[in-house]
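**Student:** Here's a sequence, model it:
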Amino acid sequence: MGQKLKITGWVAAGAVAGVLTTVSLQTVARGSLAPLPLEELQQLAAVFGMVKSDYVEPVDEKKLISDAISGMVAGLDPHSQYFDKKSFKEFREGTTGRFVGVGIEISQEDGLIKVVSPIEGSPAFRAGLKPNDLITKIDDTAVRGLSLNEAVKRMRGEANTKVLLTIFRKDESRTFPVTITREEIRTQSVRGKIMEPGYGWIRLSQFQERTVEDFVKKIDEMYKEDPNLKGLVLDLRNDPGGLLDAAVAVSSAFLPENVTVVTTDGQLAESKSVYKAAPEYYQRRSGSDPLRSLPAALKTVPLVILVNEGSASASEIVAGALQDHKRGIVMGSQTFGKGSVQTVRPLGPDTGLKITTARYYTPSGTSIQAKGIVPNVLVDESAEGSPFAALRMREADLEKHLASGQGPETKDPEREKARDEARKRLEEEAKKPPQDRKVPEFGTDKDFPLVQALNRLKGQPVLVSKTQVIVDNKEEKKEN
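**Tutor:** Now for the predicted structure:
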């Protein structure tokens, strides 16, 4: 794949960090083939000079230029971005799945930070942190009032430095301090297990550098435990995307060899590409086929793909490919609709530019952008429906989003009304005791969409949504 596109570096497709990447600075100069707008550039220089000389207090020249670049790129679409030194480092960490920290998956509960799960083998795991532990302080800073991102930043840091966490363990009714030494963490993007004899579940939470390796390992483990699987659920809910080659590899694990997985189209020659289910499109340079050990049965095992509004970009590529080739049944909710390609190019040793260069298309030629993947079977989040789905943002809701390129978009006149109703329900839900408003974890017997997916595989009745609305470029219709 790298040779075909004449690029090097990361190749990714994510809702936040989605990219088709290159390290060639020569491509940045392509714009010089057209005449530069000298009058406008002179105006920009004049404004820079005025701010530098006339502003009420001295300003940093580098910051002025950085802010000007950021504003220019941010005006294009929601996914184009200028990376300064800090954000470029965070972007790299996001695609590698590596960072320096304590090694816990967290959420918020009653203004505190809740430990969802310590990552196996991490410093937090070795320190004895448990699921449902509440973090009340990070060093000397009280957690209440901090956002989730702020808490994450305080727990991350340099390798071999220490952080003091104050833990409240509810089931033991005690508070205690834990000092943890930070180290490099490798996030786990793959989970899976045999749900019941003959039926397996494998979940991908993101497409990172290790995802394919971990996916193969987990599939091999599941087939070793139960060699005669009758059905498999591939869970892509809330998967924001990630590396494109990982998405092509996961699709290829289930598809016949050499069929089309996804195509891209844009102005640049290298943006007009076809990715197929073959090793040369997903294996890393000088590596062997990472799928070589997978059982042959994976190509034919009955398959259900679970998606929701949080499934974006790379996960939409996988769902679209498997759906178009009729390899599996897609169930859940219409996906996010992030079907654009971003190219990330370094501007120096530690800064870069992420710019939209193409759109993604499923094997049948359908644009994913601003529409997403429509499931074959619409399923709600719970037996009571999906009361808060209307509050979730999709690509089409983002300001300045790129159009699909396949006809005009239409707006749902009932959308704002549904959002107002969902907000009221959410306010009522927030008044309930915490134990009464917990969302069941994915992969449990209380996971309603997963239960419906298993029912489908077993030929049992499925509780299909009677309320979900499909947002289409040309029309809107309600499925019953």
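
**Student:** shaky segments in the stretch 51-200 of the chain?
**Tutor:** Along the stretch 51-200 of the chain, the model assigns pLDDT under 70 to residues 94-97, 120.

**Student:** residue boundaries of the strands in it?
**Tutor:** Under the criterion DSSP state E, counting those that start in this stretch, strands of the stretch 51-200 of the chain are mapped to 81-83, 98-101, 104-109, 112-118, 134-138, 141-142, 162-169, 174-181, 183-186, 190-196, 199-204.

**Student:** any idea how far the shortest one is from the chain center?
**Tutor:** Put plainly, it is strand 141-142. Relative to the mean C-alpha coordinate of its chain, strand 141-142 is positioned 30 Å out (CA atoms, centre = their mean, to the nearest Å).

**Student:** Just put the strands of the stretch 51-200 of the chain in JSON lines and tack on mean neighbour count and distance to residue 60.
**Tutor:** Backbone N, C-alpha and C define where each C-beta goes, glycine included. As requested, those are exported to JSON lines (neighbours: other CB atoms under 10 Å; distance: least, CB to CB, whole Å):
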{"stretch": "strand 81-83", "mean neighbour count": "22", "distance to residue 60": "16"}
{"stretch": "strand 98-101", "mean neighbour count": "19", "distance to residue 60": "28"}
{"stretch": "strand 104-109", "mean neighbour count": "16", "distance to residue 60": "35"}
{"stretch": "strand 112-118", "mean neighbour count": "20", "distance to residue 60": "34"}
{"stretch": "strand 134-138", "mean neighbour count": "19", "distance to residue 60": "30"}
{"stretch": "strand 141-142", "mean neighbour count": "12", "distance to residue 60": "28"}
{"stretch": "strand 162-169", "mean neighbour count": "17", "distance to residue 60": "31"}
{"stretch": "strand 174-181", "mean neighbour count": "13", "distance to residue 60": "36"}
{"stretch": "strand 183-186", "mean neighbour count": "16", "distance to residue 60": "33"}
{"stretch": "strand 190-196", "mean neighbour count": "17", "distance to residue 60": "44"}
{"stretch": "strand 199-204", "mean neighbour count": "23", "distance to residue 60": "42"}
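
**Student:** Pipe those strands into CSV and attach distance to residue 306 per row.
**Tutor:** What follows is those, written out as CSV (distance: least, CB to CB, whole Å):
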stretch, distance to residue 306
strand 81-83, 30
strand 98-101, 27
strand 104-109, 20
strand 112-118, 19
strand 134-138, 30
strand 141-142, 38
strand 162-169, 33
strand 174-181, 34
strand 183-186, 25
strand 190-196, 13
strand 199-204, 9
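
**Student:** how about those, which one is nearest residue 352?
**Tutor:** Ranking the strands of the stretch 51-200 of the chain by distance to residue 352, with CB to CB as the measure, places strand 81-83 first at 4.3 Å.

**Student:** one step back: can you tell which of the strands of the stretch 51-200 of the chain is closest to residue 364?
**Tutor:** Taking CB to CB as the criterion, strand 199-204 is the member of the strands of the stretch 51-200 of the chain that comes nearest to residue 364, at 22.8 Å.

**Student:** Would you mark the buried spots in the following helix or strand past the closest one?
**Tutor:** Sequence-wise, the next helix or strand downstream of strand 199-204 (DSSP states H and E) is helix 211-225. Within helix 211-225, the residues that qualify as buried are 211-212, 214-216, 218-219, 222-223, counting by 16 or more other CB atoms under 10 Å.

**Student:** Would you mind checking the average pLDDT for helix 211-225?
**Tutor:** Averaging pLDDT along helix 211-225 yields 97.

**Student:** Tell me where the stretch 1-150 of the chain has helices.
**Tutor:** Under the criterion DSSP state H, counting those that start in this stretch, the stretch 1-150 of the chain carries helices at the ranges 2-5, 38-54, 61-74, 85-96, 123-126, 148-155.

**Student:** So which of the ones you listed is the most surrounded?
**Tutor:** The highest average neighbour count among the helices of the stretch 1-150 of the chain, using mean count of other CB atoms under 10 Å, belongs to helix 123-126 at a mean of 19.

**Student:** Now do that helix: everything it contacts.
**Tutor:** If you take CB atoms under 8 Å, 6 or more residues apart in numbering as the criterion, helix 123-126 is touched by 102-104, 115, 118-119, 180-183.

**Student:** Distance to residue 301 added to those residues, as TSV?
**Tutor:** TSV is the format used below for the contacts of helix 123-126 (distance: CB to CB, whole Å):
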residue	distance to residue 301
102	38
103	33
104	34
115	35
118	32
119	29
180	41
181	43
182	41
183	38
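
**Student:** out of those residues, who's nearest residue 289?
**Tutor:** For the contacts of helix 123-126, the residue nearest residue 289 by CB to CB is residue 119; the value is 28.1 Å.

**Student:** so what's the closest one closest to, chain neighbours aside?
**Tutor:** Leaving out its chain neighbours, the residue that sits closest to residue 119 by CB to CB, 6 or more residues apart in numbering is residue 103, at 4.2 Å.
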